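[1] Predicted model and sequence below, questions to follow.
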Amino acid sequence: MLPRPGITQDLARFVAEGKWQDIPDPVRHEAKRALLNFFAVTIAGCRTGPVEMALASLAEFSGGKQATIIGRSERIDGLSAAFLNAAGANVFDYCDTHLPTVVHPTSPVAPALFSLAEMRRVTGSELLLAFVLGFEIECRVGGAVSPGHYPKGWHITSTCGVFGAAAGAAKLLNLSPQQVVWALGNAATQSAGLCECLGWPAKSVSVGNAARNGLWSALLAEKGFEGPAEPIAGAQGFLAAMGEPPNWPALTDGLGTTWELNDNSIKPYPCGFVIHPLLDCALDWRRDHPTDQVTRVVVRGNPLLLQRTDRPEVASGREAQVSLQHAVAAALVTGKAGLDQFTDACVNDPAVTAMRRRIEVASDPALSTIAAEMDFFTTDGKKHSVATQAARGSSSNPMKDTEIEDKLRAEAGRWRHGHDIQPLIDAVWTLEKSADVSTLTAMTVPR
């Protein structure tokens, strides 16, 4: 690949020179929606096995209590908090999705910023601006390696999330354009994550590291830790190493005038987003046909649906989050698609197991990643066809603000009955008015 000098410098200037007044009101609002959802999914994941094990390991080496572990009373050093909160946010695959790239963009970026906000005084508008800019860089780098990066096996949330965390943290630290280049260089050399780990606790390592290492990359740059001039588009930089013909326009076209947050999707279901249109169809059909007995289901979806989630045999709730067969079967048997449907118990339910075996899948490139077609065959010999063109939660069919609030309330209530999360909801909606956001994450901790 021929190098393209100046790409990283352009992105760095965009970050260093970005101003709050440059951010359109709709983008500001989408940023708040993403943060509300982040708190919901991180509270949901804060007591899972991977987070517990990672905390036990990191605590052995942490002497600091700088930052909050969201939803928990423990405090830990800022870098470890960034790791744990990113892992918790993504562990259930319940976090947001940037549809053009399938990056889960908030999970790596927000934890880095919230850790830094407890270490340095940060205003609400500064945090929101840093989040928007970090989100933008992460998704533009993701766009440059899409569509081939993820299907090749790279976990794009991790490989590109580290750039977003570094850029956002660099903005909060008020780094110069040169320092932002160094931060992105430090991030580029730490980019990692494999899709083979999806469905296993190992997935959380690279997601946590994307947040931790992105924050560390910016802190190193603040101290003068230098990197190459073109870490992203250099002859042996990130894009060259990925071996994917770069989509050059995705990096800088419309930079500062079009915003990736406008393509963000917030999940109503805790599983891979490509499964969501199937769940919409299955749940709607089951609601309308509560007593019909299903003998066979035929699913047609985008090729990415099969590449990532064609897993008829699963052994755990974690694996079930990336199994279209399990998700559809559980929805048809229980009429629901919440966290309880992606547990070991549900995986081993005989009725769900039997239903999984009745599901057939087919690939259709004409269908988008948020669309699906399904045929349900019943014991009376009838065929019922259902389709959707835009999954619930996608940018074409978004969740309402009140639905995101309800998601946060529900997860706070699951974590601790009676946990009053309303102060946090109010604080996020008025974040730009806050002079100090250091106490925001503490509002997630049940009292």
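    Cool, got the structure. Every value quoted in this text rests on a predicted model; they were computed, and no experiment measured them. Numbering: from 1, shown residues only.
[2] And the strands in the stretch 251-400 of the chain?
    Listed in chain order, the strands of the stretch 251-400 of the chain (DSSP state E, counting those that start in this stretch) span 264-265, 294-301, 359-363, 372-378, 383-388.
[3] same question for the shortest one, mean pLDDT?
    Okay, so that is strand 264-265. Across strand 264-265, pLDDT averages out at 95.
[4] what domains does the record give for the protein?
    Using automatic domain parsing, the domain ranges for the chain come out as 7-268+422-444, 273-388.
[5] any idea which of those domains is most buried?
    Ranked by mean neighbour count under mean count of other C-beta atoms under 10 Å, the domains of the chain are led by domain 7-268+422-444, which reaches a mean of 22. For every residue, glycine as well, the C-beta is placed using N, CA and C.
[6] Nearest to Ser395, out of the domains of the chain?
    Taking C-beta to C-beta, domain 7-268+422-444 is the member of these nearest to Ser395, at 5.3 Å.
[7] could you point out where this structure is predicted with low confidence?
    For the chain, the stretches with pLDDT under 70 are 1-2.
[8] Figure out the helix or strand that the closest residue to Pro108 other than its chain neighbours lives in.
    In space, and not counting its chain neighbours, Pro108 is closest to Gly161: 2.9 Å by C-beta to C-beta, 6 or more residues apart in numbering. Here Gly161, judged by DSSP states H and E, is contained in helix 156-172.
[9] How far off centre is that helix?
    12 Å (C-alpha atoms, centre = their mean, to the nearest Å).
[10] For whatever helix or strand comes next after it, give me every contacting residue.
    For helix 156-172, the succeeding helix or strand toward the C-terminus, using DSSP H and E, is helix 177-188. The contact list for helix 177-188, computed with C-beta atoms under 8 Å, 6 or more residues apart in numbering, reads 8-9, 11-13, 15-17, 137, 162-163, 165-167, 169-171, 175, 213-214, 216-218, 220-222, 225-229, 231-232, 237-238.
[11] Stretch 293-307 spans what distance, first to last residue?
    Chord length of stretch 293-307, first to last residue, is 29 Å (C-alpha to C-alpha, to the nearest Å).
[12] separation between Arg13 and Lys223?
    Distance, Arg13 to Lys223, by C-beta to C-beta, to the nearest Å: 21 Å.
[13] Which stretch among the domains of the chain approaches Ala412 most closely?
    domain 7-268+422-444 (5.7 Å).
[14] Can you get me the start-to-end distance on the closest one?
    Start-to-end, domain 7-268+422-444 (C-alpha to C-alpha) is 39 Å.
[15] Would you pull up how far it lies from the middle of the chain?
    How far domain 7-268+422-444 lies from its chain's middle: 10 Å, per C-alpha atoms, centre = their mean.
[16] And the helices in the stretch 251-400 of the chain?
    276-288, 303-309, 317-320, 324-334, 344-347, 350-356 (DSSP state H, counting those that start in this stretch).
[17] oh, I was asking about the stretch 1-150 of the chain
    Assigned by DSSP H, counting those that start in this stretch, the helices in the stretch 1-150 of the chain fall at 7-17, 25-45, 49-59, 78-90, 106-119, 124-145.
[18] Export the ones you listed to CSV and append columns for distance to Gly301.
    Output for the helices of the stretch 1-150 of the chain, formatted as CSV (distance: least, C-beta to C-beta, whole Å):
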stretch, distance to Gly301
helix 7-17, 34
helix 25-45, 24
helix 49-59, 28
helix 78-90, 23
helix 106-119, 24
helix 124-145, 22
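[19] From the centroid of this structure, which residue is nearest?
    His104 (2.4 Å; C-alpha atoms, centre = their mean).
[20] Which residues are in contact with it?
    90, 93, 95-98, 157, 161, 207.
[21] Check Leu129 too.
    With C-beta under 8 Å, 6+ apart, Leu129 has these contacts: 18-20, 23, 171.
[22] Inside strands: which ones of these?
    Per DSSP state E, strands hold no members of the contacts of Leu129.
[23] What is the nearest of those to Leu367?
    Using C-beta to C-beta, Ile23 comes nearest to Leu367 of the contacts of Leu129, at 33.8 Å.
[24] Excluding chain neighbours, give the residue nearest to the closest one in space.
    Closest to Ile23 by C-beta to C-beta, 6+ apart is Val132, at 5.5 Å.
[25] Would you check that the one you found makes contact with Leu261?
    Yes. With contact defined as C-beta atoms under 8 Å, Val132 counts as touching Leu261 (6.4 Å).
[26] what touches both of these two?
    Taking C-beta under 8 Å, 6+ apart as the contact rule, Val132 and Leu261 both touch 27, 31.
[27] and the closest residue in space to Asn247 that isn't next to it in sequence, what is it in contact with?
    Excluding the flanking residues, the one nearest Asn247 by C-beta to C-beta, 6+ apart is Ala144, at 5.2 Å. Counting by C-beta under 8 Å, 6+ apart, Ala144 makes contact with 232, 239, 246-248, 250-251.
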